[in-house]
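Enquirer: Need a 3D model of the sequence below.
(one chain, ligands or ions: 1)
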Amino acid sequence: MNGDENMNIEGFRKSLKDFTLEKPEKKPKENYVNVLILRELKSAARFTTDGVEANSAVIRIGNTEETVGKLFGRKQVASDRRKAKALQRTIISEEMNKVVGKDGWNGCTMKVNEMCQRCPECALFGSAASEEGVSITSRVMYDEAYTIRALNAIVEEFFQNAPGDDYAKKPTPGIREPDFFKEGVLFPCVVTLKDVTVEEVLFFLNITDRNSRYGATGTRFGKTQNHILGVYASHREGPSSLEVTRGIALKLAETVQDEDADQPQTMDAKLKQVMYRDTLSVDEVKTIATAVYEEVSERQRIEYKKFDEKAVSGILNELKDDSVVKFQLTQQIEKLKGFVSA
Ligand SMILES: [Zn+2]
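Expert: Here you go, the predicted model:
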């Protein structure tokens with residue numbers, strides 16, 4: 001879908017008709033809505049599992065191996081789910097009370113076996129077996145996301161000097177503070193919605209637009225901005241986050257000019273140079289990420305219908321109004337009758 005068209009929710013609904021369901025169904029089909037997102041750190045963030053070391057992974061790009069930063073899929077899911085549940089409590093508590101009846105809706109929870117299994121969030125993101133033994137399979141698929149730059153270029157380690165020891169040159173291992181990912185770090189991410197309704201696509205886009213915290217819940221560090229670069233509707237699943245990250249690093253390396261035309265640098269050398277840069281231009285990466293996503297899709301013979309960043313932002317603008325979000329979620333509650341435990 002071309003960006004110069006003014007996309008609104010109704011236009012979006014019509015264009016997505018062949019790739020979405022009228023209401024959630026119990027048997028899987030092959031409808032995918034792939035969302036390409038660039039998560040940008042707006043302040044230093046902690047992404048760590050052991051509480052100290054930054055999450056990382058070794059990835060291979062061509063012949064180059066490099067350790068990069070990693071944002072686990074499960075951390076992205078947990079954060080988005082918390083946001084989605086909080087939003088539901090804020091705007092559809094009354095509607096949920098009506099559906100649940102008797103004692104009313106408990107507001108749902110993140111506790112694995114205690115989720116309400118009645119709300120739009122449980123229906124979309126899934127829930128483990130409840131007391132009644134029912135479980136709902138998630139229809140949102142995340143994967144691990146990786147930084148474009150090398151870990152050494154994006155992580156800051158902090159050491160506390162022992163008090164009264166001003167001239168200490170070496171940090172004492174015992175007082176190392178948690179690693180921080182620096183501001184400006186970028187995580188290209190692809191999230192896939194499968195067999196969903198348009199209302200669920202809107203819910204997911206809205207949550208992604210609102211969510212700005214992906215770090216450990218215990219800390220209050222790390223503001224993130226999610227740039228939604230495109231929505232690609234298809235009957236096949238799109239490229240992974242890692243494929244997009246790799247492609248971006250390669251394309252950036254291709255633009256590195258040789259200092260001496262007689263002695264061209266190898267691709268590996270250019271790649272290293274890109275991965276050790278102090279900063280990357282967000283606008284440049286946005287453009288390249290989109291191009292990479294589409295090129296990889298083409299190589300994998302994935303046909304899609306595209307809604308670009310401008311089209312998506314038209315829809316997000318409509319969703320700024322909470323009453324519009326409430327209307328869409330209320331529609332979804334209706335559509336869930338018979339799908340979730342009634
Ligand atoms: Zn729930």
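Enquirer: got any ranges where the stretch 51-200 of the chain has weak pLDDT?
Expert: For the stretch 51-200 of the chain, residues meeting the criterion pLDDT under 70 lie at 159-175.
Enquirer: what does it put close to the ion?
Expert: By Cβ under 5 Å from the ion, the residues of the stretch 51-200 of the chain that approach the ion are Cys108, Met115, Cys116, Cys119, Cys122. Yep, even glycine has a C-beta here, placed from its N, CA and C like the rest.
Enquirer: For these, which entry has the maximal number of neighbours?
Expert: When neighbours are counted by other Cβ atoms under 10 Å, Cys119 leads these with 30 neighbours.
Enquirer: quick revisit: for the residues of the stretch 51-200 of the chain next to the ion, could you give me TSV that also reports secondary structure and distance to Ala311?
Expert: Listed next are those as TSV, based on DSSP: H, G, I helix; E, B strand; the rest coil; distance: Cβ to Cβ, whole Å:
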residue	secondary structure	distance to Ala311
Cys108	coil	31
Met115	coil	33
Cys116	coil	34
Cys119	coil	28
Cys122	helix	29
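Enquirer: so which two of these are the farthest from each other?
Expert: Spanning the widest gap among those are Met115 and Cys119, at 8.3 Å by Cβ to Cβ.
Enquirer: Check the contact lists of the two and give me the overlap.
Expert: Any residue near both Met115 and Cys119 by Cβ atoms under 8 Å, 6 or more residues apart in numbering counts here, and that gives Cys108.
Enquirer: CSV for the residues of the stretch 51-200 of the chain next to the ion, including distance to Gly11?
Expert: Compiled in CSV, those are given as follows (distance: Cβ to Cβ, whole Å):
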residue, distance to Gly11
Cys108, 32
Met115, 34
Cys116, 33
Cys119, 28
Cys122, 29
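Enquirer: Could I get the pLDDT score of Asp260?
Expert: According to the per-residue confidence, Asp260 scores 84 in pLDDT.
Enquirer: Would you indicate which residues of stretch 273-282 are buried?
Expert: Val274, Met275, Leu280 (16 or more other Cβ atoms under 10 Å).
Enquirer: what's the straight distance from one end of that stretch to the other?
Expert: Stretch 273-282 has an end-to-end distance of 17 Å (Cα to Cα, to the nearest Å).
Enquirer: from the middle of its chain, how far away would that stretch be?
Expert: Centroid separation between stretch 273-282 and its chain, computed with Cα atoms, centre = their mean, to the nearest Å, is 21 Å.
Enquirer: Contacts for that stretch, please.
Expert: Residues contacting stretch 273-282 (Cβ under 8 Å, 6+ apart): 38, 40, 66, 68, 148-150, 152-153, 184, 186, 227, 249, 252-253, 256, 265.
Enquirer: Got phi/psi on Ala78?
Expert: For Ala78, the backbone dihedrals (degrees, to the nearest 10) come out as phi -60, psi -40.
Enquirer: in terms of contact, does it touch Met110 like I think?
Expert: Yes: Ala78 lies in contact with Met110 (Cβ atoms under 8 Å); the separation is 7.4 Å.
Enquirer: does the most centrally placed residue in the chain sit in a helix, a strand or a coil?
Expert: Centroid check for the chain by Cα atoms, centre = their mean gives Cys189 as the closest residue, at 5.2 Å. Under DSSP: H, G, I helix; E, B strand; the rest coil, the three-state class of Cys189 is strand.
Enquirer: from what I can see it touches Ile37, true?
Expert: Yes: under the criterion of Cβ under 8 Å, Cys189 makes contact with Ile37 at 4.6 Å.
Enquirer: returning to what we had before: how about the residue nearest to the centre of the chain, what does it touch?
Expert: For Cys189, the contact set (Cβ under 8 Å, 6+ apart) comprises Leu36, Ile37, Leu38, Arg39, Leu71, Gln76, Tyr142, Asp143, Ala145, Ser241.
Enquirer: Repeat that for Gly314.
Expert: If you count contacts by Cβ under 8 Å, 6+ apart, Gly314 has them with Asn6, Met7, Asn8.
Enquirer: three-state assignment of it?
Expert: When classified by three-state DSSP, Gly314 comes out as helix.
Enquirer: What confidence value was assigned to it?
Expert: pLDDT at Gly314 comes out at 96.
Enquirer: The one 4 residues further on now?
Expert: Predicted confidence (pLDDT) for Glu318: 97.
Enquirer: all helices of the stretch 151-300 of the chain, in order?
Expert: Assigned by DSSP state H, counting those that start in this stretch, the stretch 151-300 of the chain shows helices spanning 151-154, 198-210, 241-254, 267-275, 282-299.
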